[in-house]
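# from the sequence below, what's the structure:
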Amino acid sequence: MADRPTSALYANLFRVGYNESEFVLEFCQSYDVADAPGRDPAIVSRIVITPASARELAALLEDSIRRQADLASSDRARPGRTTGQ
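Down below sits the predicted model:
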């Protein structure tokens, strides 16, 4: 798998569905309704995972969000430091 090139897709809308044995995560691109009236968001990726994997993902996201917030607040506390450096 390391030999394959990777690509990144932008998503700004997320949907979650579930049943007793799986979670379905949809990552979508959505644009202002005025730009595209009646147009549904474009699904850029759909991932199906087990409940155990969903819990692991939730914990990972929670930890990452906390760490990013800590990093952003420490950057603001340093004089002369601007965002993105």
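# mind checking how far the most centrally placed residue in the chain is from Pro51?
The residue lying closest to the centre of the chain (CA atoms, centre = their mean) is Ala11, at 6.9 Å. Ala11 is 22 Å from Pro51, where distance means CB to CB, to the nearest Å. Any C-beta I mention is one placed from the backbone N, CA and C, and that applies to glycine too.
# show me which helix or strand of this structure is least confident by mean pLDDT.
Taking mean pLDDT, DSSP states H and E as the measure, the helix or strand of the chain with the lowest value is helix 51-77, at a mean of 93.
# name the helices or strands packed onto that helix?
strand 23-29 (3 or more CB pairs under 8 Å, 6 or more residues apart in numbering; DSSP states H and E).
# starting from the strand it packs on, tell me which strands it pairs with and how they run.
As defined by DSSP bridges, the strand partners of strand 23-29 come to strand 13-18 (antiparallel), strand 42-49 (antiparallel).
# returning to what we had before: which secondary structure state does the residue nearest to the centre of the chain sit in?
coil (DSSP: H, G, I helix; E, B strand; the rest coil).
# tell me the pLDDT of it.
In this model, Ala11 is scored at 95, pLDDT.
# since we're on the nearest residue to it once chain neighbours are set aside, how many residues are nearby?
What sits nearest to Ala11 in space, not counting adjacent residues and going by CB to CB, 6 or more residues apart in numbering, is Phe27, at 3.7 Å. Phe27 sits with 18 neighbouring residues when counted by other CB atoms under 10 Å.
# how many neighbours does Ala8 have?
5.
# what about it, which SS state?
Assignment for Ala8 (three-state DSSP): coil.
# how about it, phi and psi?
Dihedral angles of Ala8 (phi, psi; degrees, to the nearest 10) stand at phi -120, psi 140.
# follow-up on the earlier one: just the buried residues of the least confident helix or strand of the chain, please?
Ala54 (16 or more other CB atoms under 10 Å).
# okay, the angle between it and strand 42-49?
Helix 51-77 runs at 120 degrees relative to strand 42-49, counting by axes from the mean of the first three to the mean of the last three CA atoms, to 10 degrees.
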